[in-house]
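Trainee: Turn this into a structure:
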Amino acid sequence: MADTTTAGAHPKGQNEKLVIAASSLGTVFEWYDFYLYGLLASYISKQFFSGVNETTGFILALGAFAAGFAVRPFGALVFGRIGDLVGRKNTFLVTMGIMGLSTFAVGLLPSYATIGVAAPIILVLLRILQGLALGGEYGGAATYVAEHAPDGKRGLYTSFIQTTATMGLFAALLVVIGFRNALGEESFAGFGWRLPFLVSILLLGVSMWIRLQLSESPVFLKMKEEGKTSKAPLTEAFLRWPNLKVVLIALFGAAMGQAVVWYTGQFYVLFFLEKMMKVDGATVNVLLAVSLALGTPFFVFFGWLSDKIGRKWIIMAGCALAALTYFPLFGALTQAANPALAAAQANAPVRVIAHDADCSFQFDPVGSNKFDAKSCDIAKSYLAKNGISYTNVEAPAGTIASVQVGNAALTAPDPATVDGAARAAAITAYQGEIAAALVAAGYPAKADPARIDTVKVVAILWFMVILVTMVYGPIAALLVELFPSRIRYSSMSLPYHIGNGWFGGFLPTTAFAMVAATGDIYYGLWYPVVLAVVTLVLGVLFLPETFRRDIRA
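Mentor: The predicted structure follows:
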């Protein structure tokens, strides 16, 4: 049994390397499970949301992805309370079991074509179970490792937990790439996408066995022996202003900005390359995997550095750099990943000329809008569906909308003059005209692999990963140190999972809806930039420095 007399010093009953390795490896497997869905969102949209158009299906698939994030704060409340009442170790054993079984079930779930609307409903329910489990996992692992760490090394020790999200994503990338190469794209799209979910049952068995080798946290055991554990951790954590104030500062002054930087640099950029830049999905996975491999050691570096100079200013610097660089970085990424597209956008920009009041919001989450009742909608829906960036030009009321590709102007059908089959035929013909104009102007159907500047793309992705390591590497230690041990699991888990589950998890869906609504492929970047700036301001003003605090209290 671990030494219960010297929390914060070297625990004698349990090897520190085992604590870090077992906690980290188990959490890697959980993140692997969770992020498989994000990597395979394009396949999942076709399998489970095939009843709507392609763009809406993809956004719905991202919405289901976000559903797992939406419930993470509730998992933090449920499992955080259990962790503060009964202990850290047993709690994250339960969360791991829920996560692993839910992931395995996704691999067995019949498609929309087989069981209809029940398929996406069950899928969302499985994502909710995953989110609840992950809501309890992270706080337990971070708290457990921090409470075993010697004073002056909490940033270093917990930084290994911080690598787990990226390592889980990296592991998922490798597995997906492996199956893709082994099966070929056609077979992988047909059934092979299920295999990464199914092999997770093996990872579940290994990770459960590893976790069972651990003892309870020495800080929790000491509190339990002295009768100092909380009887009502949620009340103490969230209904008493002194602690609630710290929770709010942790959320808006740290976790929110950290989350949007994390999800922009490791998920939104993936979707941007695949959907907007039209880079082959397998190529995107390889490029991201290389950048992750190069960047992951910096989680440990910034965790170590935060033990020397503090946590706060490293996180604030990461938020500031992200806000300053995202727009130029994504612009450079366009040039490097799809130079033909970048040239076409520069030489033959696409404009939609229409009266603004005649244009609908180009986002239909239930797939009921055919966008054929107004000429503006007919013009914009084709561009939105195909990820073509365009600008809006205001025209007088009553103007029939037109799409201008460079010098070519194409007037949309007037829905008032055609109906039924004639309208459908006119729209199909018009879409063919736009497609031909885009090809003539040099817009590529897909990115040419031979023209991708691989070195530049990896360098840009690597820099984004470095920003992720700056904000994420020190944050576990900071959150642990902000709260007293009796309510630490609950207190740190909620702001972390609201930040990452809501502000971060909703980023891909929100950003793509912003792009679809405006036609600007870079418009979605305002979401992470604005939130990073808000965190920067609030963090500088209100977030305390914590790296010299005693966490035994």
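
Trainee: and Gly75, how far is that from Tyr157?
Mentor: Distance, Gly75 to Tyr157, using Cβ to Cβ, to the nearest Å: 24 Å. (C-beta placed from N, C-alpha, C; glycine too.)

Trainee: and what of Val145?
Mentor: Val145 is 5 Å from Tyr157, where distance means Cβ to Cβ.

Trainee: What residues of stretch 307-325 count as buried?
Mentor: Neighbour-count burial for stretch 307-325, counted by 16 or more other Cβ atoms under 10 Å, picks out 307, 310-312, 314-316, 318-323, 325.

Trainee: Just put those residues in CSV and tack on distance to Gly539, secondary structure and pLDDT.
Mentor: CSV is the format used below for these (distance: Cβ to Cβ, whole Å; DSSP: H, G, I helix; E, B strand; the rest coil; pLDDT from 0 to 100):
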residue, distance to Gly539, secondary structure, pLDDT
Asp307, 19, helix, 96
Gly310, 12, coil, 96
Arg311, 10, coil, 96
Lys312, 7, helix, 97
Ile314, 11, helix, 98
Ile315, 7, helix, 98
Met316, 5, helix, 98
Gly318, 11, helix, 98
Cys319, 7, helix, 98
Ala320, 10, helix, 98
Leu321, 14, helix, 98
Ala322, 13, helix, 98
Ala323, 12, helix, 98
Thr325, 18, helix, 98
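
Trainee: What is the nearest of the residues you listed to Leu479?
Mentor: Minimum distance to Leu479 across those is 9.2 Å, recorded for Arg311 (Cβ to Cβ).

Trainee: Is the closest one in contact with Thr158, as I believe?
Mentor: No: checked against Cβ atoms under 8 Å, the pair Arg311 and Thr158 is beyond contact range at 10.2 Å.

Trainee: Spell out which residues are contacts of both of these two.
Mentor: Jointly contacting Arg311 and Thr158 under the rule Cβ atoms under 8 Å, 6 or more residues apart in numbering are Ala477.

Trainee: pLDDT below threshold where in the chain?
Mentor: 1-15, 30, 34, 50-59, 62, 65, 361-370, 553 (pLDDT under 70).

Trainee: center of it - which residue?
Mentor: By Cα atoms, centre = their mean, the chain has its centre lying nearest to Tyr263, at 4.1 Å.

Trainee: just checking, what packs against the one helix or strand it maps to?
Mentor: In the assignment (DSSP states H and E), Tyr263 maps to helix 256-263. The contact analysis (3 or more Cβ pairs under 8 Å, 6 or more residues apart in numbering; DSSP states H and E) places helix 256-263 against helix 312-337, helix 454-472, helix 507-518, helix 526-542.

Trainee: Give me the next element, helix or strand, following that helix.
Mentor: Where DSSP H and E defines the elements, the next helix or strand beyond helix 256-263 is helix 269-271.

Trainee: other SSEs contacting that next one?
Mentor: With contacts defined as 3+ Cβ pairs under 8 Å, 6+ apart, the secondary structure elements packing on helix 269-271 are helix 281-295.

Trainee: Just the CA atoms of the helix it packs on, as PDB, please.
Mentor: Backbone C-alpha positions of helix 281-295 (Å, rounded to 0.1, in the frame of the first residue of the first chain) are rendered in PDB as follows:
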ATOM      1  CA  GLY A 281      -8.100  11.600 -46.100                       C
ATOM      2  CA  ALA A 282      -5.200   9.100 -45.900                       C
ATOM      3  CA  THR A 283      -2.700  11.800 -46.800                       C
ATOM      4  CA  VAL A 284      -4.100  14.100 -44.100                       C
ATOM      5  CA  ASN A 285      -3.800  11.400 -41.500                       C
ATOM      6  CA  VAL A 286      -0.200  10.800 -42.400                       C
ATOM      7  CA  LEU A 287       0.700  14.500 -42.300                       C
ATOM      8  CA  LEU A 288      -1.000  15.000 -39.000                       C
ATOM      9  CA  ALA A 289       0.600  11.900 -37.500                       C
ATOM     10  CA  VAL A 290       4.100  13.200 -38.500                       C
ATOM     11  CA  SER A 291       3.400  16.600 -36.900                       C
ATOM     12  CA  LEU A 292       2.100  15.000 -33.700                       C
ATOM     13  CA  ALA A 293       5.100  12.700 -33.500                       C
ATOM     14  CA  LEU A 294       7.400  15.800 -33.800                       C
ATOM     15  CA  GLY A 295       5.400  17.900 -31.400                       C
END
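
Trainee: Measure how far that helix is from the centre of its chain, please.
Mentor: 16 Å (Cα atoms, centre = their mean, to the nearest Å).

Trainee: For it, buried residues please.
Mentor: For helix 281-295, burial by neighbour count (16+ other Cβ under 10 Å) applies to 281-293, 295.

Trainee: between those residues, which is nearest His497?
Mentor: Looking across the buried residues of helix 281-295 and measuring by Cβ to Cβ, the closest to His497 is Leu292, at 22.5 Å.

Trainee: OK, contacts around Arg549?
Mentor: Applying Cβ under 8 Å, 6+ apart, the residues contacting Arg549 are Glu481.

Trainee: So it: helix, strand or coil?
Mentor: Assigned with DSSP: H, G, I helix; E, B strand; the rest coil, Arg549 falls in the coil class.

Trainee: my guess is Glu147 contacts Val219, does it?
Mentor: Yes: at 3.9 Å, Glu147 and Val219 qualify as touching, with contact defined as Cβ under 8 Å.

Trainee: Skip the chain neighbours and tell me the closest residue to Tyr43.
Mentor: Sequence neighbours aside, Trp193 is the residue nearest to Tyr43 in space, at 4.3 Å (criterion: Cβ to Cβ, 6 or more residues apart in numbering).

Trainee: Give me the three-state assignment for that neighbour.
Mentor: What three-state DSSP gives for Trp193 is helix.

Trainee: what's the answer for Leu214, then?
Mentor: Of the three states, Leu214 takes coil under three-state DSSP.

Trainee: I'd guessed it sits against Val19; true?
Mentor: Yes: using Cβ under 8 Å, Leu214 makes contact with Val19 at a distance of 6.9 Å.

Trainee: Name the residues that touch stretch 334-346?
Mentor: With contacts defined as Cβ under 8 Å, 6+ apart, stretch 334-346 is touched by 273, 277-279, 389, 438, 441-444, 447-448, 451-453, 456-457, 460, 521.

Trainee: what do you get if the cut-off is 7 Å, keeping everything else the same?
Mentor: Here stretch 334-346 makes contact (Cβ atoms under 7 Å, 6 or more residues apart in numbering) with 273, 277-279, 389, 441-444, 447-448, 451-453, 456-457, 460.

Trainee: where along the chain do the strands fall?
Mentor: For the chain, applying DSSP state E gives strands covering 350-354, 390-394, 402-405, 408-411.

Trainee: Next, give phi and psi for the residue of the chain most remote from its centre.
Mentor: The C-alpha centroid of the chain is most remote from Thr417, which lies 45.2 Å away (Cα atoms, centre = their mean). The phi/psi pair for Thr417 (degrees, to the nearest 10) reads phi -110, psi -10.

Trainee: Same question for Ile521.
Mentor: In terms of degrees, to the nearest 10, the main-chain angles of Ile521 are phi -70, psi -10.
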